[in-house]
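S.K.: Need a 3D model of the sequence below.
(chains A, B, C and D)
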Number of protein chains: 2
Amino acid sequence: MQLGKGVEWTTHICTMLALLREGQGLSVDALAEFFEVPSAYLSKQMQLLRRAGIVESVRGKGGGYRLARSVDEITLLDIVIAIEGPMLAFRCTEIRQNGPCGLKRKDCKRPCEIASAFAVAEQTYRDALAAKTLASIMQEAAANSTPEHMLDIANWVSEQVS
Amino acid sequence: MQLGKGVEWTTHICTMLALLREGQGLSVDALAEFFEVPSAYLSKQMQLLRRAGIVESVRGKGGGYRLARSVDEITLLDIVIAIEGPMLAFRCTEIRQNGPCGLKRKDCKRPCEIASAFAVAEQTYRDALAAKTLASIMQEAAANSTPEHMLDIANWVSEQVS
DNA sequence: TTTTATCCGGATATTAAATGTCCGATTAAG
DNA sequence: CTTAATCGGACATTTAATATCCGGATAAAA
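M.R.: Next comes the predicted model:
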């Protein structure tokens, strides 16, 4: 049970995009270089974010990606669902309907107790992710970082958005 | 982010093993037939449960699997960890240390805010699974099932433990 | 208008993980 | 000794994750 690398990558990237001013954008190549991740593959992950409405893209020279809404309207759950899809981690294949004592389908309108228990647990997970906004992450990051490092990043950003 | 089929299979199987009396056991072949899952692969999953101390095995003729402890001492988390391993779903590859503004390793003793947030969320998931014992699942299952179906299963079990 | 930089989407390739099978060794009952 | 069962390792297959490439669209700048 593993989340794809895209979740880690794009979450960090969202914190970068949050530093941009109105009208600015960062290209996939710049972001890939910043984090040393493969550019072409990162491009695919960014497209997933775009289709989810988390970021928006500007095509053509000088284009790039930027956030599509404010940092307090983007949660970790939004990102996970954008990258991983909406399916639950627990896959119920209804094996209670199999074998010599298998139940009839009509008697299986409600999920079994096992599937229900996993669904409840996953909901707590999602609730926790939904409660964590990009805004709160950036606030914590700022509190734990040094002024020098934040300045480094600000300088790199301004070099990119030429 | 998907849990393996072994989690669903072995959880259902634990509820079957819970029906056995002292000294009885069920063979992998019997369990595989009961749920219509591939016997050889199920055998692998059962070995994982065994190494985790959830079930115990009896080799040789007449042998099989049975629970290694009582149903209120076996949780869904025990089963998930036995099958999937102890790793967290979110893999932090420390990309904050990469690229032109990468942090030095010595400045990364604490996990970053993103990794922390995912760790907190996963802990709520695990807490929920740890709170769900096999005992509570069987109680719910009994409440939602019919006497006929429970009798069907009891009869099948007694045929197997010859 | 041409060049350049960028996203977009599809196709493809590569790698890793999940799933599934097989077999020889071991163990215990009859 | 034969039979039935787990154990563990090796292997095979299938699927998912990761990664690359390219042609097309778009827009800015030269």
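
S.K.: All the helices of chain A, in order from the start?
M.R.: For chain A, applying DSSP state H gives helices covering A:5-17, A:28-35, A:39-51, A:76-84, A:113-130, A:134-144, A:147-160.

S.K.: Does the third one reach chain B?
M.R.: No. Residues of helix A:39-51 are not located near chain B by C-beta under 8 Å from any C-beta of the partner chain, the shortest gap being 11.0 Å. C-beta here means a position set from N, CA and C on the backbone, and glycine is covered the same way.

S.K.: and for that helix, what are the contacting residues?
M.R.: The contact list for helix A:39-51 (C-beta atoms under 8 Å, 6 or more residues apart in numbering or on different chains) reads A:6, A:9-10, A:13-14, A:28-29, A:31-33, A:55-57, A:65, A:68, A:79, A:82-83.

S.K.: Could you identify the buried members of the residues you listed?
M.R.: A:6, A:9-10, A:13-14, A:28, A:31-33, A:55, A:57, A:65, A:68, A:79, A:82-83 (16 or more other C-beta atoms under 10 Å in any protein chain shown).

S.K.: near chain B, from those residues?
M.R.: A:Trp9, A:Glu33.

S.K.: Give me the distance between the spatially most central residue of chain A and DNA strand C.
M.R.: Central residue of chain A (C-alpha atoms, centre = their mean): A:Ile79, 2.1 Å from the mean position. Here the distance between A:Ile79 and DNA strand C works out to 16 Å (C-beta to the nearest atom of the strand, to the nearest Å).

S.K.: try A:Ser116
M.R.: With C-beta to the nearest atom of the strand as the criterion, A:Ser116 and DNA strand C are 20 Å apart.

S.K.: next one: A:Leu134
M.R.: Taking C-beta to the nearest atom of the strand, one finds A:Leu134 at 19 Å from DNA strand C.

S.K.: Would you pull up how far stretch A:116-132 lies from the middle of the chain?
M.R.: Counting by C-alpha atoms, centre = their mean, to the nearest Å, stretch A:116-132 is centred 16 Å from the centre of its parent chain.

S.K.: Sorry, wrong one. I was asking about stretch A:25-40.
M.R.: 16 Å.

S.K.: before we move on, what about stretch A:155-162?
M.R.: 24 Å.

S.K.: show me the residues around A:Glu94 that make contact.
M.R.: A:Cys108, A:Cys112.

S.K.: Kindly report the same for A:Arg66.
M.R.: A:Leu17, A:Leu20, A:Gln24, A:Gly25, A:Leu26, A:Val55, A:Glu56, A:Val58.

S.K.: Separate out the buried members of the residues you listed.
M.R.: Judged by 16+ other C-beta under 10 Å, buried ones among those: A:Leu17, A:Leu20, A:Gln24, A:Gly25, A:Leu26, A:Val55.

S.K.: For those residues, give me a markdown table that also has pLDDT.
M.R.: Formatted as a markdown table, the buried ones among the contacts of A:Arg66 follow (pLDDT from 0 to 100):
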| residue | pLDDT |
| --- | --- |
| A:Leu17 | 98 |
| A:Leu20 | 96 |
| A:Gln24 | 95 |
| A:Gly25 | 97 |
| A:Leu26 | 97 |
| A:Val55 | 98 |
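
S.K.: where's A:Arg69 relative to A:Ile153, distance?
M.R.: Note on A:Arg69: its distance to A:Ile153, by C-beta to C-beta, to the nearest Å, is 22 Å.

S.K.: Tell me who's in contact with the residue of chain A found nearest DNA strand C.
M.R.: Here the residue of chain A nearest DNA strand C is A:Ser57; by C-beta to the nearest atom of the strand that distance is 3.3 Å. Neighbour list for A:Ser57: A:Gly25, A:Met46, A:Arg50, A:Gly63, A:Gly64, A:Tyr65 [criterion: C-beta under 8 Å, 6+ apart].

S.K.: Who has more neighbours out of A:Arg69 and A:Ile153?
M.R.: A:Ile153 (17 against 13; other C-beta atoms under 10 Å in any protein chain shown).

S.K.: What about DNA strand D: which of the contacts of A:Arg66 touch it?
M.R.: A:Val58 (C-beta under 7 Å from any atom of the strand).

S.K.: Out of the contacts of A:Arg66, which is nearest to DNA strand D?
M.R.: A:Val58 (7.0 Å).

S.K.: Could you check how far that closest one is from B:Glu8?
M.R.: From A:Val58 to B:Glu8 the distance is 45 Å (C-beta to C-beta).

S.K.: before we move on, what about A:Asn155?
M.R.: For A:Asn155, the distance to B:Glu8 - C-beta to C-beta - is 51 Å.

S.K.: okay, those two: which has more neighbours?
M.R.: B:Glu8 (24 against 11).

S.K.: got a list of what that one touches?
M.R.: Contacts of B:Glu8 (C-beta under 8 Å, 6+ apart): A:Phe90, A:Arg91, A:Cys92, A:Thr93, A:Ile95, A:Ile114.
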